[in-house]
Every structure is written in C-alpha cells, then in structure tokens.
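Engineer: Provide a 3D model corresponding to the input given below.
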Amino acid sequence: MADKSGARTVQHDLEASGPDGIRNVVLVGPSSAGKTTLLEALLATAGAVPRAGSVTDGTTVSDWDDAEKAHGRSMNLTVAPVRHNGTKINFVDTPGYADFVGELRAGLRAADAAVFVIPANEGVDHATAMLWHECAEVAMPRAVVVTKLDHARADYPGVVMQVQAAFGAKVLPVFLPVVEGGQVSALESLIDGKDVEGAALEHRGTLIEGIIEESEDETLMDRYLAGEDIAADVLVADLERAMERASFHPILPVCGATGVGCQELLDLVVSGFPPPSTHPSPEVFTPSGAAADALTCDPGGPLVAEVVKTTSDPYVGRVSLVRVFSGTLEADSPVHVSGHFSSFFGAEAGHDDHDDDERIGSLAYPFGLAQEPAKRVVAGDIAVIGKLSRAETGDTLSAVDAPRVLKPWSLPQPLHPVAIEASTKSDEDKLSTALGRLAAEDPSLRIVNDPETHQLVMWTMGEAHADAALERLRDRFGVSVGTVDVIVPLRETFGGKAQGLGRHVKQSGGHGQYAVCEIEVEPLPQGSGFEFQERVVGGAVPRQFIPSVEKGVRAQMEKGVRNGYPVVDIRVTLVGGKAHSVDSSDMAFQSAGALALREAANATSITMLEPYDEIAVMVPDDMVGTVMSDLSARRGRPLGTDQVGDRCVIRAHVPASSLVRYAVDLRSQTHGAGSFTRTFAHYEPMSEDLARSVVPRGG
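Structural biologist: Model (predicted):
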C-alpha cells in the first residue's frame with residue numbers, strides 16, 4: 001500500500017473480524033484546528049505510517065487535490081484506518097470550512113462517534129458549538145481534543161473553560177499537559193494522579209465527582225463523600241460506560257507535532273467509544289417507499305450499505321466510499337443501487353431517482369488516496385468500491401433479490417447561486433455530462449437550467465464551494481466555464497387601464513390574412529394572475545376566433561410588452577373587431593391579439609415587478625440587531641421573530657435580488673453562527689429608480 005507521494009506505509013492487516021472489533025470516529029472542528037495533522041500523528045503512533053523522530057516521515061493521508069493545495073484548505077472527506085489494541089479504528093477526517101458541509105455530513109453518517117478538535121490558540125467557534133448540540137440531539141458519543149498546544153498563544157485552561165461553557169457541564173478534562181522548557185512533554189492523568197496539587201487537584205475532584213454521578217453503582221457517591229479512595233480502574237470503567245452512552249465527554253490535550261497525547265486518545269477511542277453494533281442504523285425502506293424491517297449490524301444479515309462519498313477519476317472512473325450497515329460486502333458480487341433523494345426531499349433535491357443492478361468491481365479499504373485490496377467487508381466497516389457507474393453519493397447498495405433504500409442524511413439548502421457559461425463550443429458540448437458527474441459526487445450542489453432566464457445556475461453552499469466546483473470542472477473534467485451575473489426573473493404589469501387595437505392585414509396574392517380586434521386592459525390586484533373576457537356584439541369577431549385572440553394575448557404576455565419580462569395580473573376584455581369570410585384564420589387573430597396588447601401597453605404606464613422571498617434567519621440572540629439592520633439595508637421588511645432555545649429566528653420579506661450573496665454575507669456577519677432558509681413569497685412593484693435601471697431582456 002502506497003500513498004500519493006510514493007512512500008510505503010507499514011500497515012497491512014485492515015480486515016475486521018466483526019463489528020465489535022471496529023470503531024468509526026469522525027474528526028470535526030474548524031479548518032484551523034489541525035485535524036489532518038492530528039490524524040497523521042495518530043497514524044504514526046499506531047504504527048500505520050513510519051515515524052522519523054517526532055514527525056511522520058513524509059507520509060501523508062490527506063486527500064488534497066490541486067484545488068485544495070491552491071486554497072490551503074481541505075475540501076474532502078478522508079478515511080484512514082489503524083489498528084490499536086486489536087481494534088480497527090476508521091478515522092474519518094472532514095473539512096472544517098463551512099462551505100463543505102456536504103463532506104462533513106457524510107462523515108457524520110459514516111461514523112458512530114465524534115472527536116471535536118479545538119485549537120488551543122482560538123477556542124470554540126459558533127459553528128462548532130452548533131454541531132456539538134446537533135450531535136447531542138442524536139446521542140452521538142463525543143470527546144474533545146485540544147490541539148496546537150505548542151502555539152505561542154495557546155491557552156489550555158482558557159479553552160477548557162470555553163469548551164465547558166459551549167458544550168455543557170459533562171465535558172471535563174481527564175488529562176492536563178505537562179510543560180517542560182516551554183514545550184508539552186507529557187500528559188498528567190487526573191484519574192491516576194494522586195499527587196496532583198493546586199488547580200490540578202480541583203480539576204481532579206470535579207472529574208471524579210462527574211464520573212461518579214454517571215456511575216450505575218448508586219453507593220459510589222456516598223462512599224466517595226465519606227472519604228473512601230475510589231480505585232482508578234473503577235473510575236475508568238464508569239467513565240468508559242458513560243462515554244459509550246454519550247452522557248460524559250472527556251477533554252484531552254494532544255500535540256500533533258510531537259505526538260504527545262496520541263496514545264491516550266487512541267486508548268480512549270478503543271475503550272470508551274462504542275462499536276457499530278450499538279449505533280442506531282438509518283431508517284430503511286423498500287424502493288416503493290414501504291417501511292422495511294430495522295437493520296442490525298450483523299455480518300450475516302441482508303446486505304445494506306450506503307455511498308457516503310463519490311469521486312470521479314479520469315482513469316478508473318467512478319469510485320464509491322461506502323459504509324456497510326448490514327450484511328457483508330464481497331468483491332465481484334452483484335448489488336442493487338437505489339437512489340431516491342426526491343422521494344424523501346422533493347424534486348428540488350436535484351437528483352433523479354434511479355434503481356439499477358450492477359456488479360461490484362474492485363473492493364478495497366481506503367487509506368487517504370491509497371487503497372488496500374479487500375475480498376470482503378463486514379457490517380460496521382468502511383470500504384471503497386470501484387466502477388459503480390450509476391452510484392451517487394447518498395445511494396443505497398443492497399441485495400439484488402431484496403433491494404432496500406436508506407433515508408439519506410439531511411443537508412442544508414444550497415443558497416448561493418452562481419450562473420455559469422461554457423467558455424467555448426467544445427466546453428459547451430461536455431458541460432452537461434460533467435455537471436451530472438459533479439452533482440453525483442456532491443448532494444449539496446444543485447444544478448438548475450432556468451427555463452425563464454435561460455441561465456445555467458449552480459446553487460452552492462458559498463463562494464469556496466462554488467470555486468471548488470468550477471475548478472473541478474476544469475481540472476478533472478476538462479471543461480472551462482465562466483461566471484455571469486445571476487438574472488433575477490422580473491415581471492411587468494399595467495399601471496392603469498388602456499385600450500388597444502390589433503390589426504393584422506396582409507394581402508400578397510392568393511389567400512390573405514385578415515384579423516382586427518379591439519381590447520380593453522385593466523390591472524388586477526397582486527397575485528390575481530390573468531383573466532380574459534369578451535363583450536363582442538353582433539358577431540364582429542366570429543366565435544371560433546375568440547380563443548385565438550386570447551391565445552395571442554397570452555403569447556405576448558409571456559414575451560413582455562416593455563422590457564421583455566412576462567406580464568401578470570391583468571384582465572383583458574375583447575370588445576370588438578372585424579373578420580373576413582375568406583382571409584381570417586386562427587393564426588391571423590392570434591397575431592392581432594398580440595398586437596392589440598402591445599398597442600395597449602403603449603397607451604399607459606408599465607410597472608416593473610420584482611420577486612420577494614420570505615426568509616427565516618436563525619442567529620444567536622446577541623446578533624439579532626446586526627442582522628436586522630442588514631436586512632433593512634437590503635430593503636427587507638421584518639415579519640416577526642421567534643425564540644428557539646438560545647437562538648432567535650427572524651422572519652422577513654426581502655427582494656430576491658438582495659439575496660444573491662446573502663449566504664456569504666450572513667456567514668461573515670455572524671462569524672458562521674447564522675443560517676437561513678428562503679421560499680418565494682410574491683412580486684411587488686419596483687421603485688421608479690430601480691425600474692429605470694432594468695436592462696431589457698435580450699437587450
């Protein structure tokens with residue numbers, strides 16, 4: 001097994017005998033926390049990669065492509081397995097940057113426990129605190145690792161206080177760093193250390209009381225308060241049981257640069273985190289949508305696995321990273337591939353439902369970019385499958401004779417639109433296929449070909465996500481695209497009553513064209529749509545041609561009458577006209593109807609309408625003022641606020657044109673703590689100044 005630098009790793013035995021011998025652990029935290037450095041130090045400590053002195057000998061498992069190197073941040077989920085004390089640990093490293101939440105959510109789905117990585121020089125950010133509470137809602141076991149202990153501004157005691165304030169009282173340090181010569185040289189156990197003093201003694205007392213409170217032995221607290229010295233092995237056993245049921249969360253200091261603390265973290269992962277067999281499985285259904293029997297993490301059970309990540313390699317094709325929830329995955333075996341995003345999340349999910357039978361190609365254990373061939377992968381483990389041509393991220397793999405569908409994990413709505421255009425005709429020919437492959441990899445990316453604006457729009461999580469998508473189109477699929485301004489679909493309506501005469505008369509020899517119609521147009525209240533009436537007297541317009549006039553009016557409404565935007569909220573009444581016994585026709589009266597509407601538009605003012613969305617912005621209470629002021633500057637109108645726990649939900653109507661960059665701006669204003677949803681509300685008249693700035697469509 002080799003990594004992408006060519007260096008050989010020293011680990012070979014990656015097959016697990018059963019679920020109880022596996023731990024799946026996701027590393028989460030901000031992009032500045034040093035998660036990848038920590039992971040490489042853990043691999044070196046476990047003997048999975050060679051170590052030279054205090055650093056890994058040029059060996060890396062970080063799955064960084066050229067785009068990631070250029071931006072200096074990880075955008076991908078990476079899996080690296082190790083063996084420690086006879087147990088296989090699949091470490092799942094996730095991006096810390098908010099735009100790549102899709103990779104983070106996939107990592108959470110693949111794992112059974114989480115290690116929150118907090119930098120000692122920065123502390124806890126809002127986004128990490130929100131994720132902690134989200135994991136708490138599903139009772140995911142968690143631990144906290146404080147990194148960057150060697151940083152000049154490192155403050156371990158201060159960060160511990162921040163962690164406890166953000167995460168809760170049951171988050172306590174079990175080790176303290178020992179500093180010698182300005183460097184962290186070792187860890188001091190607060191459970192075993194009986195000679196601790198000063199602040200450490202207070203930490204030890206708090207830790208022991210916290211562990212005893214979680215003990216199933218109801219006599220333990222009384223014995224402790226009576227002065228009995230509780231044995232360390234008893235405390236450790238109670239701590240591990242509390243960790244497994246997610247009621248207690250240890251804090252450990254770990255120095256990735258030197259490896260100090262890695263051994264202690266590996267020990268805790270193996271002894272305190274649960275095996276996959278104790279983790280609840282996702283809801284499972286049949287392809288028809290009927291609920292199926294709940295899964296158990298049994299290698300002998302029915303095969304059900306999930307694609308948690310998909311990548312497209314120009315040489316080997318589609319590569320699928322899968323978590324096996326039930327049964328055993330075997331090389332060169334048939335599987336059923338089910339993708340049912342729209343069944344669970346609606347058509348706006350942007351992924352077509354599909355059901356296909358395929359045969360597994362190569363089967364391997366992942367190690368960053370490297371892979372170790374595998375013959376079989378049991379329930380609870382994570383593997384890589386090559387050449388599943390139809391499998392997309394979030395799809396379910398199951399037995400051909402008993403197909404199943406797992407409910408996909410939920411993702412925030414992509415709310416940052418980027419309109420793109422192919423750079424050349426050659427790029428245009430390849431663009432559709434490339435976008436399809438890109439969307440198959442990333443469920444947080446939505447591709448919309450807008451039939452009204454005729455723009456191809458990528459809906460992304462933010463600027464970094466959009467940049468990454470564009471770079472992958474170019475570098476991986478050889479498609480160059482540029483970005484253009486996103487067009488907001490406007491509307492037109494009549495500002496007052498008007499009359500119009502449509503005269504379509506042509507005679508050029510032979511059968512001619514003849515149609516005349518007179519109409520009256522009046523505006524209707526907002527949202528009324530379109531009404532067509534007729535008050536024709538004496539058969540001036542034959543009955544068979546009245547629908548033709550309406551059809552022509554409707555066609556012109558779609559084209560617009562002033563700036564090329566659709567006309568809405570009007571009533572058109574056909575009041576008269578003329579026909580010819582020979583030359584009148586359906587098409588002639590359609591043309592006359594369209595001409596009459598244009599003539600009426602010239603006789604009155606035309607009001608431009610812009611779309612308003614209703615948004616719900618969720619922010620911490622102390623940021624409400626900032627967000628409200630910003631919404632006001634965007635011409636938004638507050639509708640009210642609601643309290644949800646310690647957060648406030650602000651509802652408002654805001655012009656859609658002011659929301660094009662709102663996903664990026666809100667994140668900046670709230671330091672990552674704010675989120676929002678949006679739905680279309682209605683159209684409203686534009687101010688005269690804004691209306692004058694409207695560029696005619698097609699002009």
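
Engineer: Run a quick neighbour tally on residue 409.
Structural biologist: The number of residues packed near residue 409 is 17, by other CB atoms under 10 Å. In short, each C-beta sits where N, CA and C put it, glycine included.

Engineer: Tell me which stretches of the stretch 301-450 of the chain form helices.
Structural biologist: Counting by DSSP state H, counting those that start in this stretch, the stretch 301-450 of the chain has helices at residues 341-345, 425-441.

Engineer: any idea how far the closest residue to residue 647 other than its chain neighbours lies from residue 168?
Structural biologist: Leaving aside its chain neighbours, residue 647 sits nearest to residue 618 (5.4 Å; criterion: CB to CB, 6 or more residues apart in numbering). Separation of residue 618 from residue 168 (CB to CB, to the nearest Å) stands at 20 Å.

Engineer: Pull the helix or strand containing residue 457 out as CSV, backbone CA atoms only.
Structural biologist: When elements are assigned from DSSP states H and E, residue 457 belongs to strand 456-460. Written as CSV, here are the backbone C-alpha positions of strand 456-460 (Å, rounded to 0.1, in the frame of the first residue of the first chain):
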residue,chain,number,x,y,z
LEU,A,456,-27.4,27.5,-16.1
VAL,A,457,-27.2,28.1,-12.3
MET,A,458,-25.1,26.2,-9.8
TRP,A,459,-26.7,26.5,-6.3
THR,A,460,-23.8,26.1,-3.8
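
Engineer: mind listing what's buried in that strand?
Structural biologist: For strand 456-460, the neighbour count (16 or more other CB atoms under 10 Å) marks 456, 457, 458, 459, 460 as buried.

Engineer: in terms of contact, does residue 304 touch residue 295 like I think?
Structural biologist: Yes. Taking contacts as CB atoms under 8 Å, residue 304 lies within contact range of residue 295: 5.7 Å.

Engineer: Show me which of these two is the more surrounded one.
Structural biologist: Using other CB under 10 Å as the criterion, residue 304 and residue 295 rank with residue 304 on top: 25 against 20.

Engineer: Now for the nearest residue to that one once chain neighbours are set aside: which residues touch it?
Structural biologist: Nearest residue to residue 304 in three dimensions, chain neighbours excluded: residue 326, at 4.4 Å (CB to CB, 6+ apart). By CB atoms under 8 Å, 6 or more residues apart in numbering, the contact set of residue 326 is 281, 295, 296, 297, 298, 301, 302, 303, 304, 305, 379.

Engineer: okay, now the third one: neighbour count?
Structural biologist: When neighbours are counted by other CB under 10 Å, residue 296 registers 14.

Engineer: Can you read off the pLDDT for residue 184?
Structural biologist: Per-residue confidence at residue 184 stands at 90 (pLDDT).

Engineer: Quick check: beta-bridge partners of it?
Structural biologist: residue 179 (DSSP bridges).

Engineer: Can you give me the neighbour number for it?
Structural biologist: Residues near residue 184, counting by other CB under 10 Å, number 21.

Engineer: before we move on, what about residue 400?
Structural biologist: Residue 400 sits with 14 neighbouring residues when counted by other CB under 10 Å.

Engineer: ok, how many other residues are close to residue 406?
Structural biologist: 27.

Engineer: Tell me the residues that contact both of residue 304 and residue 295, please.
Structural biologist: Common neighbours of residue 304 and residue 295 (CB under 8 Å, 6+ apart) are 284, 325, 326.

Engineer: if I read this right, residue 435 contacts residue 449, doesn't it?
Structural biologist: No. Residue 435 is not in contact with residue 449 according to CB under 8 Å; the separation is 9.4 Å.

Engineer: which other residues reach stretch 452-469?
Structural biologist: By CB under 8 Å, 6+ apart, stretch 452-469 touches 67, 71, 73, 75, 97-102, 350, 412, 414-421, 431, 435, 438, 442, 444-450, 484, 486-487, 489, 566, 663-664, 667.

Engineer: so which pair among the buried residues of strand 456-460 is furthest apart in space?
Structural biologist: 456 and 460 (13.1 Å; CB to CB).

Engineer: any idea where the helices of the stretch 501-650 of the chain begin and end?
Structural biologist: Going by DSSP H, counting those that start in this stretch, the stretch 501-650 of the chain shows helices at 546-559, 586-602, 624-633.

Engineer: Can you check which of those gets nearest to residue 269?
Structural biologist: Smallest distance to residue 269 across the helices of the stretch 501-650 of the chain (CB to CB): 39.4 Å, for helix 624-633.

Engineer: can I have the closest one written out in PDB, keeping just the CAs?
Structural biologist: Coordinates of each C-alpha in helix 624-633 appear next as PDB, following Å, rounded to 0.1, in the frame of the first residue of the first chain:
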ATOM      1  CA  VAL A 624     -30.200  40.000  16.200                       C
ATOM      2  CA  GLY A 625     -29.500  43.700  15.900                       C
ATOM      3  CA  THR A 626     -26.800  43.300  13.400                       C
ATOM      4  CA  VAL A 627     -28.900  41.000  11.200                       C
ATOM      5  CA  MET A 628     -32.000  43.200  11.400                       C
ATOM      6  CA  SER A 629     -30.000  46.300  10.300                       C
ATOM      7  CA  ASP A 630     -28.600  44.400   7.400                       C
ATOM      8  CA  LEU A 631     -32.000  43.200   6.300                       C
ATOM      9  CA  SER A 632     -33.300  46.700   6.400                       C
ATOM     10  CA  ALA A 633     -30.400  47.800   4.200                       C
END
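
Engineer: Give me the helices and strands touching that helix, please.
Structural biologist: Judged by 3 or more CB pairs under 8 Å, 6 or more residues apart in numbering; DSSP states H and E, helix 624-633 is in contact with strand 606-620, strand 637-644, strand 647-655, helix 662-669.

Engineer: mind checking which of the ones you listed is nearest residue 561?
Structural biologist: Closest approach to residue 561 among those (CB to CB): strand 606-620, 6.3 Å.

Engineer: partners of the closest one, with directions?
Structural biologist: Short version: by DSSP bridges, strand 606-620 pairs with strand 491-494 (antiparallel), strand 647-655 (antiparallel), strand 675-685 (antiparallel).

Engineer: Good, we can wrap up now.
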